[in-house]
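Visitor: Sequence and predicted structure, then a few things I'm wondering about:
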Amino acid sequence: MKLSFRWYGEEDKVSLKNIAQIPGMHSIVTAVYNVKAGEVWSRESIAGLKRQVEQAGLHFEVIESIPVHEDIKLGKESRDRYIANYCENIRRVAEAGVRCICYNFMPVFDWTRTQTDHVLPDGSTTLAYYQEQVEKVNPLESGNDLTLPGWDASYSREELKNVVELYQSMTEEKLWDNLKYFLERIIPAAVEYNVNMAIHEDDPCWSIFGLPRIITDEGNLDRFLKLVDVPNNGITLCTGSLGCSCKNNVERMAAKYAAMGRIHFAHMRNVAVLPNGFEERAHLSSCGSLDMYAIMKALYDNGFQGYIRPDHGRMIWGETGRAGYGLYDRALGATYLNGLWEAIMKSS
Ligand code: DNO
């Protein structure tokens with residue numbers, strides 16, 4: 001495995017220098033952030049990221065994410081232009097040495113939480129999702145100004161209402177069709193430029209606000225991989241996104257999809273599954289519902305050779321910053337993952 005760490009570019013409070021001091025760190029996971037979804041990234045901005053990452057002694061091989069324009073998910077006529085731009089971005093980042101691209105196909109909302117500062121008994125703060133809080137929010141009522149952390153700030157309340165409305169008549173099957181249409185056009189580009197595409201599961205892995213969500217469980221991941229059945233069409237195994245539903249057996253999925261050579265990226269995070277939702281917890285198995293050792297072992301035993309990053313951390317030791325993406329707890333997570341991997345390797 002190649003250990004990696006997400007970095008939000010120059011604006012990030014966490015510096016590349018700090019990340020490079022984490023033992024065993026291999027790559028930086030980043031993106032061009034100041035460009036709207038659907039537009040082409042300039043070669044200069046890609047080269048700028050590469051230069052900074054390499055100057056810090058790290059590799060520039062993973063992009064998270066190239067966002068998918070909403071018109072592609074909606075299947076609008078304008079999608080062809082955005083898909084062409086998407087292929088151009090694949091080409092440009094590949095030419096700069098990128099080997100893996102993470103993206104998602106969630107309508108409107110990316111990851112959704114109801115709180116980003118839930119206080120755990122030890123005084124650390126974490127991200128949490130409580131169903132009763134989600135039910136108070138209705139993006140279709142523009143008068144209701146309740147919002148949730150993680151909402152795309154580029155939409156005004158009215159625009160958000162309009163785009164959510166567009167999905168009201170969309171079925172899961174239609175979203176599958178639109179995903180297939182997209183994959184059939186971008187995967188040939190990924191093959192040509194030798195990049196692995198790694199779709200991220202929906203987070204949480206169930207429908208919210210009546211919007212269809214399809215990258216949610218083993219049956220759907222099987223279906224996804226068959227849409228375009230080549231190795232470059234793969235997944236990001238996100239343990240927290242899948243593991244927040246106790247219906248998902250993450251360890252089994254890790255083994256199965258690693259053996260198929262279709263996991264290109266793994267996001268390792270622990271969650272405590274609750275009757276009304278979930279809380280993100282420290283990475284250690286005993287802190288949450290997931291057996292992190294078993295998942296890492298399933299990856300190892302099945303020949304996983306991709307990138308792994310510690311996913312969200314809590315805020316600890318007084319750190320402030322981007323929820324889920326501070327330095328300290330993710331660095332502890334990285335060190336824990338290194339330890340698991342070394343122990344698994346040496347005892348195999
Ligand atoms: C949340 C992240 C997601 C992820 C995207 C991939 O912290 O894991 O936002 O980057 O869903 O496109």
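Guide: All right, it came through fine. On a predicted model such as this, the values are computed, not experimentally measured, just so you know.
Visitor: Ranking helices and strands of this structure by mean pLDDT, which lands last?
Guide: For the chain, counting by mean pLDDT, DSSP states H and E, helix 157-166 ranks last in confidence among helices and strands (a mean of 85).
Visitor: in it, what's buried?
Guide: Residues of helix 157-166 classed as buried by neighbour count (16 or more other CB atoms under 10 Å): 160-161, 163-164. The C-beta positions use only the backbone N, C-alpha and C, and glycine is treated the same way.
Visitor: Likewise for stretch 182-199?
Guide: 182-183, 185-187, 189-191, 193, 195-199.
Visitor: Near the ligand, which residues of the chain? Just list them.
Guide: Residues of the chain lying close to the ligand (CB under 6 Å from any ligand atom) are 64-65, 102-104, 110-111, 200, 267, 312, 324.
Visitor: Mind putting these into JSON lines with pLDDT?
Guide: Formatted as JSON lines, the entries for the residues of the chain next to the ligand read as follows, by pLDDT from 0 to 100:
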{"residue": "Glu64", "pLDDT": "97"}
{"residue": "Ser65", "pLDDT": "95"}
{"residue": "Cys102", "pLDDT": "98"}
{"residue": "Tyr103", "pLDDT": "98"}
{"residue": "Asn104", "pLDDT": "98"}
{"residue": "Asp110", "pLDDT": "89"}
{"residue": "Trp111", "pLDDT": "90"}
{"residue": "His200", "pLDDT": "98"}
{"residue": "His267", "pLDDT": "98"}
{"residue": "His312", "pLDDT": "96"}
{"residue": "Gly324", "pLDDT": "96"}
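Visitor: mind saving the C-alpha coords of stretch 164-172 as PDB?
Guide: Extracted in PDB, the C-alpha atoms of stretch 164-172 (Å, rounded to 0.1, in the frame of the first residue of the first chain):
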ATOM      1  CA  VAL A 164     -33.000  19.400  -5.700                       C
ATOM      2  CA  GLU A 165     -36.300  19.900  -7.500                       C
ATOM      3  CA  LEU A 166     -34.800  18.700 -10.700                       C
ATOM      4  CA  TYR A 167     -34.200  15.300  -9.100                       C
ATOM      5  CA  GLN A 168     -37.700  14.900  -7.800                       C
ATOM      6  CA  SER A 169     -38.700  12.900 -10.800                       C
ATOM      7  CA  MET A 170     -35.500  11.000 -11.100                       C
ATOM      8  CA  THR A 171     -35.500   7.300 -10.200                       C
ATOM      9  CA  GLU A 172     -32.500   5.200  -9.200                       C
END
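Visitor: Can you tell me what sits against that stretch?
Guide: With contact meaning CB atoms under 8 Å, 6 or more residues apart in numbering, stretch 164-172 is reached by 74, 107-108, 139-140, 209-214.
Visitor: buried residues in stretch 315-328?
Guide: For stretch 315-328, the neighbour count (16+ other CB under 10 Å) marks 315-316, 319, 323-328 as buried.
Visitor: Out of those, flag the one nearest to the ligand.
Guide: Nearest to the ligand, judged by CB to the nearest ligand atom, of those is Gly324 at 5.6 Å.
Visitor: What segments of the stretch 1-150 of the chain are strands?
Guide: Counting by DSSP state E, counting those that start in this stretch, residue ranges of the strands within the stretch 1-150 of the chain are 2-6, 27-30, 59-64, 100-103, 115-119, 125-130.
Visitor: Which among those strands is found nearest to Ile308?
Guide: Across the strands of the stretch 1-150 of the chain, the minimum distance to Ile308, taken as CB to CB, is reached by strand 2-6, at 5.9 Å.
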